[in-house]
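K.L.:
this one's sequence-less:
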């Protein structure tokens, strides 16, 4: 993890490295969150065929930009390593000047490469001097672009963007990450509050009495605590339980991530199986249309949020021990998540005639209509699914908070390291204080998701990765040249892919803006 305020990358301790399988777990946990639970509603609004086509395209575009981020990470490692070696070369230039010219010209490639492999103090010669051995050149290329140091997105922006670009980058990232954490800090306590509160309004007129409840209504019939009071108590409990993780590094949450991933699989399978059982009994009530134009903008916004992971890739990818199959790993993970999203959404839209914003609420019996046939009458399953958002968001909260903490350090960097209290206490506390304050002020998750995902989310997932890979390729060509090949280069090398991403970003923002205007936001 980057140290506070310093632009210097940090090498990972070998003991903190993990296998590609654990990396897959982290990626799955990070992507599958609130967006997954809002997809069935978005599918129903946009129509099943249009939704299927769009979600496949959106998953593909998200994967493309994820490969852009990984390539940029490798380029950043390569540029830093090359400049460091060139600096050492200039210091040792006098020594090299005393060597016989023919020895340098002929260049013992194996010796040079071995020295680079085992001693970074040996200056790296020009790539042309390694042309005598393709194997040695490949080894040196791997050594140059190997992703061994965690370079945050903020640090990559400092390397590749202009001053204006850096400012816009930080505005986008900070808005997104603070908004993202505020969503989590509001959604988890709100879910817990809705499960814990048992008070119902008996004076309803043909609608769900739960929908008629206000924040000023009591949480329990025998208590003076309002629903908002209990919600805020849960917000504080959420902060005290998960906040300490922000003061440490990603590896501190390793076992929690693995455990909650298992819970995610169980929760998804439960919802899918329960809906399939209803459909197999002929009790499916959903009649979704093939396509609805008015639902497309909302589907765009939901999917941008549902496939987001790019802001946390530096901490996730760098500690992976074997990165030789990183793109295959990501492709498999994206495919797995896409299948889950489709199964969840399609079973939901054909099973239920009305879908809630959070899909888990469809599995809850309405307390006012206890005689109605529920999808399941097993109390354990009902409560387990109701608390599924708690599992999902709580697992991702520390990772995203750590990402924000590290980017704040880079934004507020200084010539000398920050004092220990600032580095270890101030930045983590600031990371927690703002989203918790927002969550204490409002529990309207819909507004928070709309502001966060619609615009800043598009910037983080589409615009910034495209700019990163475009500018990093230019800097690599100017600094290192074409002699060494980046082994982590994206499979999508052509310039047309970057152009497509920029056009796609404009369309996403246009659709989301139209959706906000239509919905009156």
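P.N.:
Happy to help now that I have it. Since this is a predicted model, take the numbers as computed values, not measurements.

K.L.:
quick one: least confident helix or strand in this protein?
P.N.:
When each helix and strand of the chain is scored by mean pLDDT, DSSP states H and E, helix 109-118 comes last, with a mean of 45.

K.L.:
so which helix or strand takes in the closest residue to residue 334 other than its chain neighbours?
P.N.:
Spatial nearest neighbour of residue 334, excluding adjacent residues (Cβ to Cβ, 6 or more residues apart in numbering): residue 63 at 4.8 Å. For the C-beta atoms, the positions are set from N, CA and C on the backbone; glycine is no exception. For residue 63, the host element (DSSP states H and E) is helix 48-91.

K.L.:
so which elements touch that helix?
P.N.:
Using 3 or more Cβ pairs under 8 Å, 6 or more residues apart in numbering; DSSP states H and E as the contact test, the elements touching helix 48-91 are helix 34-46, helix 134-145, helix 153-160, helix 296-306, helix 313-317, helix 326-351, helix 464-479, helix 495-519.

K.L.:
and that helix, how far from the chain's centre?
P.N.:
On the basis of Cα atoms, centre = their mean, to the nearest Å, helix 48-91 sits 14 Å off its chain's mean C-alpha point.

K.L.:
what angle separates that helix from helix 296-306?
P.N.:
Here the directions of helix 48-91 and helix 296-306 differ by 40 degrees (axes from the mean of the first three to the mean of the last three Cα atoms, to 10 degrees).

K.L.:
quick check: residue 53 vs residue 47, distance?
P.N.:
Distance from residue 53 to residue 47, counting by Cβ to Cβ, to the nearest Å: 10 Å.

K.L.:
cool, and residue 21?
P.N.:
Counting by Cβ to Cβ - residue 21 and residue 47 are separated by 37 Å.

K.L.:
equivalent analysis for residue 465, please.
P.N.:
Taking Cβ to Cβ as the measure, residue 465 falls 29 Å from residue 47.

K.L.:
so for those two, which residue has more residues nearby?
P.N.:
Applying other Cβ atoms under 10 Å to residue 465 and residue 47 shows that residue 465 carries more neighbours, namely 27 against 22.

K.L.:
nearest to residue 224, of the helices and strands packed on helix 48-91?
P.N.:
Comparison of the helices and strands packed on helix 48-91 against residue 224 by Cβ to Cβ identifies helix 34-46 as nearest, at 31.7 Å.

K.L.:
so the helix holding residue 63 versus helix 464-479, what angle?
P.N.:
Computed by the same axes, to 10 degrees, the angle between helix 48-91 and helix 464-479 is 30 degrees.

K.L.:
just the angle between helix 48-91 and helix 495-519, please?
P.N.:
130 degrees.

K.L.:
pLDDT below threshold where in this structure?
P.N.:
Applying pLDDT under 70 to the chain flags the ranges 1-16, 89-142, 201-212, 250-258, 365-374, 446-447, 450, 515-516, 519-521.

K.L.:
contacting residues around the residue nearest the centre of it?
P.N.:
Centroid-nearest residue in the chain: residue 309, 2.0 Å away (criterion: Cα atoms, centre = their mean). By Cβ atoms under 8 Å, 6 or more residues apart in numbering, the residues touching residue 309 are 27, 30-31, 62, 66, 316.

K.L.:
let's go with 7 Å and repeat that
P.N.:
Residue 309 makes contact with 27, 30-31, 66 under the criterion Cβ atoms under 7 Å, 6 or more residues apart in numbering.

K.L.:
how many neighbouring residues does the residue nearest to residue 334 have?
P.N.:
The number of residues packed around residue 63, counting by other Cβ under 10 Å, is 20.

K.L.:
likewise the one 5 residues further on?
P.N.:
The burial metric for residue 68, expressed as a neighbour count using other Cβ under 10 Å, is 25.
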